[in-house]
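J.: Any chance you can model this:
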Amino acid sequence: MSRIGATAGALLPSNVSARTPGIGSGRNTARMINKKAVRHGFDDACLPSTAQAELAGVSWSKLPHSCTGLYGLPDTPDVLRGLLATDPTRRVQAVWDLYRLLLDQERLFPATAPAALVVAALLDDPRTLTEDRWERRAGTRPLRAELLNWLASFADVARHDVQDGVGTPQDLAAARTVRPRLHARVTPYYEDRDPRVREAAVAATAVLLADPALAAAIPQHAPAVRDVLTSSADSYYRWIARDRLKAWGNDTAGLSAREEEHHAAVGQASALAEGPFEEGQGQAIRWLAEQPEDTTALEPPRRWHPGWTRPEQATPHWPAPEPPTAVQGSAPGYRGAWQISGAEERDEWTFTPYVGVGPLHFGMTLEEITTSLGEYGSVAPSYARESGEHRLNYADFHTTGIRALFQKNRLECVAVNALARPQVRLDGVPLTGCVPSRLEDWLVHRTTYGRLMYSPAADPVFPDLGLAIRTQRAGDVNLTRPLFLLHDWLALWDYLPSEEWNLR
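T.: Residues are numbered from 1 along each chain as shown. Just a heads-up that it's a prediction; the model follows:
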């Protein structure tokens, strides 16, 4: 396998600095990055020389990601450094940060294009052969394959237009400018011995070829797209093959028909397998078990889904929900025996879907949360029979007014007390301590908030937001207790502890 020798800095055309503010070089920039690296436990020496040069050649402070300066999240250089960290948990976190901070909701940001060049500069590092289960993917695969997947996602977003909501014209232009250079770095992995890396490289190349400057290379790569991707177990790769081959003038009717037949067969077998009295249940279960696991992203991008359409502009739906006030005859700040914090007593928090709420971001450890809130929580461990280990289940922070819920000792859900601080807002509208029906009605009519589903306890859940609205009693009324959570937690019944379900 050939190595990629060009530096990431050399990949940038000479006119990018003029059109993309923040890309430059200097000792001050390098010194600033090195100081932050020490603070976060990283060292530039752990990166390949090409990546070191790229990090030092960009004024990252002028190029924010989706949540720069919020929730205590790392800056882009720290995310990129974390990709080769020795701690596997930090590596997985860094890959997740690539998606949620630099391609959040399939958008480009000022830091995204230069970050893509750094990611490409990491591909030939032998440490990218490390395997793990990455946050957005089923099964395990080498880090190199997942970095190629991220580059494919980057290229997929870059081929859309500003009106599709992918970012500003400047950020889109910067992303499109680097596509030919990324193409040169990705194609050598066509010959990788690992089929997972090979498939990811072909998929990334196929999407990068949407650049008109690479049109002459399409005949060279089209056979690999057809041969490698159309038979992949990954449904996203198969979609890329059909989409690109059709765009290049190939007949894809047979591929589409085969995909539809497969979906129909899986649906029919699943229905038989779930019906305890259905004839052929055993055969259906065995057939499903024999099917290769679909290794696509757990929450696939919207634009590749056949039914995707551009979201409608949100329209105001008023009145917006408001927290209730004390009932007549109660002491100030109370509804009967239940004390409710007034608006002036509540800390004001904001919520960014799948990223964080208030000063907290998903993926934090208990120690990091304690430092951020300035309060020790009441910890509830759980016992894992299979390993004999005690794991962190949740921690209640009574002064702050939240419950932090964990999976693998990392923050994945935050429940906010309906009665006492903080007040969490989405688009300026309060989510905490409101009348449930009014808040649900307001969210439903905000069309950009997407789908609505219900938990077994009839709690409204908004998957596109990572938001569930549970209730908490206050006198003779129920008030909203919002839960901010990750994709895996959308099935509330499977993840919430009994203490949360039984809360009154």
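
J.: got the contact list for residue 397?
T.: The contact partners of residue 397, taken as C-beta atoms under 8 Å, 6 or more residues apart in numbering, are 369, 373, 375, 377, 378, 403, 404. For glycine as for every other residue, the C-beta is placed from the backbone atoms N, C-alpha and C.

J.: Quick check, the last one in contact with residue 395.
T.: Looking back up the chat, that one is residue 404. Yes. In terms of C-beta atoms under 8 Å, residue 404 counts as a neighbour of residue 395; the distance is 5.0 Å.

J.: and residue 78, how many neighbours does it have?
T.: Each residue near residue 78 was counted by other C-beta atoms under 10 Å, and the total is 19.

J.: distance of it from residue 47?
T.: Distance from residue 78 to residue 47, counting by C-beta to C-beta, to the nearest Å: 12 Å.

J.: repeat for residue 431
T.: 41 Å.

J.: what's the answer for residue 126, then?
T.: 13 Å.

J.: same question, residue 273
T.: Taking C-beta to C-beta, one finds residue 273 at 48 Å from residue 47.

J.: if we can go back for a sec, residues shared between the contacts of residue 404 and residue 395?
T.: Shared contacts of residue 404 and residue 395 (C-beta under 8 Å, 6+ apart): 366, 369, 377.

J.: which ones among those are found in helices?
T.: Among those, the ones falling in helices (DSSP state H) are 366, 369.

J.: For my notes, confirm residue 245 occurs in a helix.
T.: Yes. Looking at residue 245 with DSSP: H, G, I helix; E, B strand; the rest coil, it is inside a helix.

J.: which residues does it contact?
T.: Applying C-beta under 8 Å, 6+ apart to residue 245 gives the contacts 222, 225, 226, 252, 255.

J.: With adjacent residues omitted, what lies nearest to the second one?
T.: For residue 225, the nearest residue in space outside its immediate sequence neighbours is residue 206; the separation is 4.8 Å by C-beta to C-beta, 6 or more residues apart in numbering.

J.: got a list of what the one you found touches?
T.: By C-beta under 8 Å, 6+ apart, the neighbours of residue 206 are 221, 225, 229, 240, 241, 244.

J.: can you do 6 Å?
T.: 225, 240, 244 (C-beta atoms under 6 Å, 6 or more residues apart in numbering).

J.: Any chance of the residues you listed in CSV with distance to residue 115 as columns?
T.: Formatted as CSV, the contacts of residue 206 follow (distance: C-beta to C-beta, whole Å):
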residue, distance to residue 115
225, 26
240, 22
244, 24
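
J.: Can you report how many residues neighbour the nearest residue in space to residue 247 that is not next to it in sequence?
T.: Excluding its sequence neighbours, the residue lying closest to residue 247 (C-beta to C-beta, 6+ apart) is residue 210, at 7.7 Å. Residue 210 has 19 neighbours, counted by other C-beta under 10 Å.

J.: Confirm residue 210 sits in a strand?
T.: No. Assignment of residue 210 by three-state DSSP gives coil, placing it outside any strand.

J.: got any ranges where the stretch 101-250 of the chain has weak pLDDT?
T.: Scanning the stretch 101-250 of the chain for pLDDT under 70 picks out the ranges 136.

J.: all strands for it, in order.
T.: For the stretch 101-250 of the chain, the strands defined by DSSP state E, counting those that start in this stretch cover 131-132, 141-142.

J.: who does the helix or strand where residue 97 lies touch, helix- and strand-wise?
T.: According to DSSP states H and E, residue 97 maps onto helix 88-102. Judged by 3 or more C-beta pairs under 6 Å, 6 or more residues apart in numbering; DSSP states H and E, helix 88-102 is in contact with helix 76-82.

J.: what about 7 Å?
T.: Applying 3 or more C-beta pairs under 7 Å, 6 or more residues apart in numbering; DSSP states H and E, one finds that helix 88-102 contacts helix 76-82, strand 131-132, helix 143-158.

J.: No more questions from me, cheers.
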